[in-house]
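[1] compute the structure for the input listed below.
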Amino acid sequence: MKNRHFIVYPFLVALYSVLVLAAVNIGEVVWLHVLIRPIATALIVASVAWILSRAISRDVHIRGLVALVLVVWFCWYGYFRNALLSQPLLFPVGRAQYAIPAYLLLLSAVVYVIVRRVSRPVSDLSRYLNVTATVLLLMPTLVVLRGHGPKGKGAAEEGAATPQTFQAKPDRPDVYLLVLDKYTGAHSLAANYAFDNGPFLDSLRRLGFDIPRSPHANYIHTHLALPALLNWRLLDDRPEDLTVSNGALALDYAAIEDNRTWEFLHERGYRFMFFPSAYAATARNRHADLQLPDPSQVTSEFEVAWRRSTLAVPMLRWWCRAFACQRGAQPYAPAPPELIEWKFRQLEQLPDSSGAIFAFAHFTVPHEPYIFHADCTPRELYWPVADSGEYELPVKRAYIEQIQCVNRKVLHFVETVLAKSKTPPIIILQADHGHGRLGWGLTVQPADVPDQAAERIDIFAAYYLPGHPSDVVYDSITPVNVLPRIFNHYFDANIPLQPDATFWSTWEEPFKFTRMR
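    Down below sits the predicted model:
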């Protein structure tokens, strides 16, 4: 009977490239569905590698080794290039026009050695690689599965007061909550970017918006700012020793999804319209009556990171140059321009809906990556590696252009919704935090960067409140008190207010708070 040999290690190594990245960044993989497309892509790559290997050798063991090299070549290209860029002597080779030829040369050399120097069947090596790849795959798989146990408590389980039942006033207003990520306040834009945002703010005022003079953030990270905004409470009960590496993000993400704002308005007959983003915390919401678009159609941040570690991005760029892809199409961007534009168009159509609605959209602009010019034409994706030094001026220019585009889209949305709404709506335009030019993986303390810290907590905020009551919002309001003030006025609620406090924390230890004000 012919001895059968099962070569599975190229497929296991392809899966490992996805799962090890997920294990290292477990906080960004709150929903397991974000792994589906990367895993499917990795398996397709392994299958193609196995098919191509047949053209090189008929020996099943040689084919396995060749397929393994092809899988590694595709899945680890980004790491190879980063290694070149990190070495001064090899930096020129790591540049885009040279990295792929260098990588191809290395691939060819390895395949040549396998085909020419391995002269006999290596069944023992195949068995060893099957076992080794299985063991390697088990470790990140267990980390990922362990990281997706109970997600922590939602708002109602965190000791939050049970929403009381009140009846809304007749002709209930629609409620629109738009969070504009990393939108710095006007004072810091003028002082640090030489940009006057006054004309945009004046346009909002003429439309009836209240604009606080000095609003400031409660927290400097989105995953902290959104739970405070949506649940009307500060996060002073978070365990200080919980880190991003061991579950802090999952706790916050659960509080964002199971939030008191949705519960409050749902009890009053509102339908919940949710706009998923690429950001894991707002990637989906199971409580929504309608999600626009379906979460499966939004490319997650994890998927983007995995693609950037592979040969997929340079291959897509080559394809677009060769076959004239539509200008501005960025299939590997977290939120491509066309998706941002589509969401604004969908928001503008909501006043035609029957019944009262609560629309919540977390826009990942003006946060980087920079995808828009000032006139909202798509630009080549710009995701800077730093915000200071030689990158500071280009980053500032790109950020201001994206601010200008966001302003145009917001104004069009506001004018359209106000014109189409039979009952004047409540519109909340809210930044989570400012820019700060602090780069990735924020580790500094505010005392070390006082000017940048002040910019990070200086935020944009504007509120359209029907009837123009003068006592709902105030100049120094923070996000945690915005919805309670509005709901107390329009729904006769009695929600207690929180201190308008601001807290600083690092990325890795988000619950070790330093109070700033």
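
[2] check what pLDDT Phe323 gets.
    Phe323 is assigned 52 on the pLDDT scale.

[3] kindly apply the preceding question to Pro239 instead.
    88.

[4] now the helices for the stretch 151-300 of the chain?
    186-193, 198-206, 222-231, 248-257, 260-267 (DSSP state H, counting those that start in this stretch).

[5] Phe363: which of those helices is closest?
    Smallest distance to Phe363 across the helices of the stretch 151-300 of the chain (C-beta to C-beta): 11.5 Å, for helix 222-231. For every residue, glycine as well, the C-beta is placed using N, CA and C.

[6] could the helices of the stretch 151-300 of the chain be laid out in CSV, adding mean neighbour count and distance to Met273?
    Listed next are the helices of the stretch 151-300 of the chain as CSV, based on neighbours: other C-beta atoms under 10 Å; distance: least, C-beta to C-beta, whole Å:
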stretch, mean neighbour count, distance to Met273
helix 186-193, 18, 29
helix 198-206, 14, 22
helix 222-231, 25, 15
helix 248-257, 25, 15
helix 260-267, 20, 11
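
[7] could you list the domains of the protein?
    9-146, 177-274+334-515 (automatic domain parsing).

[8] kindly list the longest helix within this structure.
    Taking DSSP state H as the criterion, the chain has its longest helix at helix 392-420.

[9] what about the nearest residue to His187 once chain neighbours are set aside, how many residues close to it?
    Distances taken as C-beta to C-beta, 6 or more residues apart in numbering place Asp458 nearest to His187, at 5.8 Å, with adjacent residues excluded. Other residues within reach of Asp458, judged by other C-beta atoms under 10 Å, total 25.

[10] check Asp124 too.
    9.

[11] tell me who's in contact with it.
    Counting by C-beta atoms under 8 Å, 6 or more residues apart in numbering, Asp124 makes contact with nothing.

[12] and the gap between it and Val69?
    As for Asp124, its distance to Val69 is 19 Å (criterion: C-beta to C-beta, to the nearest Å).

[13] now Thr443
    38 Å.

[14] neighbour count: the two, which is higher?
    Neighbours were counted for Thr443 and for Val69 using other C-beta under 10 Å; Val69 has more, 20 against 12.

[15] and for the residue lying closest to that one once chain neighbours are set aside, the neighbour number?
    Once flanking residues are discounted, Val69 sits nearest to Val110: 5.2 Å by C-beta to C-beta, 6+ apart. Number of residues near Val110 (other C-beta under 10 Å) recorded here: 17.

[16] my read is Val110 is in a helix, agree?
    Yes - counting by DSSP: H, G, I helix; E, B strand; the rest coil, Val110 falls inside a helix.

[17] give me the pLDDT for it.
    72.

[18] now do Phe511
    For Phe511, pLDDT reads 93.

[19] name the nearest residue to Phe360, ignoring sequence neighbours.
    Leu177 (4.8 Å).

[20] distance check, that neighbour against Glu240.
    Counting by C-beta to C-beta, the gap from Leu177 to Glu240 is 30 Å.

[21] state the distance from Pro424 to Leu411.
    17 Å.

[22] of those two, which one has the most company?
    Neighbour count, other C-beta under 10 Å: between Pro424 and Leu411, Pro424 has more, with 17 against 14.

[23] give me every residue that touches the more buried one.
    Contacts of Pro424 by C-beta under 8 Å, 6+ apart are Pro173, Leu418, Tyr464, Pro466, Gly467.

[24] where's it, which helix or strand?
    For Pro424, there is no host helix or strand (DSSP states H and E).

[25] next one: Leu21
    Counting by DSSP H and E, the element that carries Leu21 is helix 9-24.

[26] sec struct for Ala55, please.
    Quick answer, by three-state DSSP: Ala55 is coil.

[27] do you know how far it is from Val110?
    On the measure of C-beta to C-beta, Ala55 and Val110 end up 16 Å apart.

[28] and the closest residue to Leu125 other than its chain neighbours, how far from Val113?
    Distances taken as C-beta to C-beta, 6+ apart put His61 closest to Leu125, at 7.0 Å, once the chain neighbours are dropped. From His61 across to Val113, the span is 15 Å (C-beta to C-beta).

[29] just Pro469 next, same as before
    From Pro469 to Val113 the distance is 77 Å (C-beta to C-beta).

[30] same check on Arg408?
    57 Å.

[31] in terms of neighbours, single out the busier of the two.
    Set side by side, Arg408 and Val113 show more neighbours around Arg408, with 16 against 12, by other C-beta under 10 Å.

[32] strands along the protein, start to end?
    Listed in chain order, the strands of the chain (DSSP state E) span 175-180, 209-210, 271-275, 290-291, 357-363, 370-372, 378-382, 426-431, 461-464, 503-504, 514-515.

[33] just those: most buried one?
    Ranked by mean neighbour count, these are led by strand 370-372 with a mean of 25 (mean count of other C-beta atoms under 10 Å).

[34] that one: how far from the chain's middle?
    Mean-position distance between strand 370-372 and its chain equals 15 Å (C-alpha atoms, centre = their mean, to the nearest Å).

[35] repeat for stretch 209-218
    The answer for stretch 209-218 is 24 Å, by C-alpha atoms, centre = their mean.

[36] what of stretch 498-509?
    20 Å.

[37] could I get the buried residue list for it?
    Of the residues in stretch 498-509, Gln498, Asp500, Ala501, Thr502, Phe503, Trp504, Ser505, Thr506, Trp507, Glu509 count as buried by neighbour count, 16 or more other C-beta atoms under 10 Å.

[38] among those residues, show me the least confident.
    Trp507 (85).

[39] quick one: residues contacting that residue.
    His221, Val244, Gly441, Leu442, Thr443.

[40] select only the buried ones of these in PyMOL?
    Buried members of those, defined by 16+ other C-beta under 10 Å, are picked up in PyMOL with:
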select buried, resi 221+244+442
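
[41] got any ranges where the stretch 51-200 of the chain has weak pLDDT?
    Within the stretch 51-200 of the chain, the ranges that satisfy pLDDT under 70 run 81-103, 107, 111-112, 114-123, 147-170.

[42] same thing but 50
    94, 150-170 (pLDDT under 50).

[43] how about residues contacting stretch 387-406?
    With C-beta under 8 Å, 6+ apart, stretch 387-406 has contacts from 180, 183-184, 189, 192-193, 195, 197, 363, 365-366, 368, 370-376, 379, 382, 384-385, 435, 437-439.

[44] quick check: mean pLDDT of that stretch?
    93.

[45] what comes up buried for it?
    In stretch 387-406, counting by 16+ other C-beta under 10 Å, buried: Asp387, Val395, Lys396, Ala398, Tyr399, Ile400, Glu401, Gln402, Ile403, Gln404, Cys405, Val406.

[46] same question, stretch 43-56
    In stretch 43-56, counting by 16+ other C-beta under 10 Å, buried: Val45, Ala46, Ala49, Trp50, Ser53, Ile56.

[47] closest to Leu429 out of the residues you listed?
    For the buried residues of stretch 43-56, the nearest to Leu429 is Val45 (42.9 Å; C-beta to C-beta).

[48] residues contacting the closest one?
    Val45 neighbours (C-beta under 8 Å, 6+ apart): Ala14, Leu70, Val71, Phe74, Cys75.

[49] kindly provide the distance from the fourth one to Pro314.
    Shown here: Phe74 relative to Pro314, a distance of 11 Å by C-beta to C-beta.

[50] if you count surrounding residues, which of the two has more?
    A count of neighbours by other C-beta under 10 Å puts Phe74 above the other of Phe74 and Pro314, at 21 against 17.
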